[in-house]
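K.L.:
sequence and computational prediction follow.
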Amino acid sequence: MRRERWQTDRIIGIVSRSDLLRVFLRPDEAIREEIRDDLLEGMLRLGGTEVQVQVHDGVVTLRGEVENRSTAQITERLAKGVDGVVTVRPMIDYAVDDMLA
């Protein structure tokens, strides 16, 4: 069996900061569309009237009203998981607190 030797004194490539952060450098409109289309309408079956999405420099603001508190919290958590989102500012009211013990 032959062993290969790895040379450690040669540069084989360069990784820049922009390469590492590329996933976070999405346009605001792409982030807004993913949250609106995939999360709100697709997963949660919310129409465009319940929750409005604004994005500025990766900061997502969610405004509106939903039926249950749990839906408001799920909406916030899902939005935080979208690539490119820096933070989420939830401003979602709810009619029923379905999380009471």
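P.N.:
Okay, I see it.
K.L.:
flag the shaky bits of this protein, pLDDT-wise.
P.N.:
1-8, 18-24, 101 (pLDDT under 70).
K.L.:
what residues does stretch 46-65 touch?
P.N.:
Stretch 46-65 is contacted by residues 24, 26, 28-29, 31-32, 35-36, 40-41, 66, 71, 75-76, 79, 82, 84-95 when judged by CB atoms under 8 Å, 6 or more residues apart in numbering. Quick note: C-beta positions are derived from backbone N, CA and C, even for glycine.
K.L.:
6 Å - rerun?
P.N.:
The list of residues contacting stretch 46-65 from outside it, by CB atoms under 6 Å, 6 or more residues apart in numbering, reads 28, 31-32, 35-36, 40, 66, 79, 84-93.
K.L.:
now do the SS call for the nearest residue to Val51 once chain neighbours are set aside.
P.N.:
Of all residues beyond its chain neighbours, the one nearest Val51 is Gly64 (3.8 Å), with distances taken as CB to CB, 6 or more residues apart in numbering. What DSSP: H, G, I helix; E, B strand; the rest coil gives for Gly64 is strand.
K.L.:
which ones are touching Lys80?
P.N.:
By CB under 6 Å, 6+ apart, the residues touching Lys80 are Val88.
K.L.:
for it, give me phi and psi.
P.N.:
Lys80 adopts backbone torsions of phi -60, psi -30, taken as degrees, to the nearest 10.
K.L.:
and Ala79, how far from Val59?
P.N.:
According to CB to CB, to the nearest Å, Ala79 stands 11 Å off from Val59.
K.L.:
and for Asp38?
P.N.:
19 Å.
K.L.:
mind listing what the residue nearest in space to the middle of the chain touches?
P.N.:
Centroid-nearest residue in the chain, with CA atoms, centre = their mean: Val82, separated by 2.0 Å. Contacts for Val82 (CB under 6 Å, 6+ apart) come out as Glu34, Ile35.
K.L.:
measure it to Leu100 for me?
P.N.:
29 Å.
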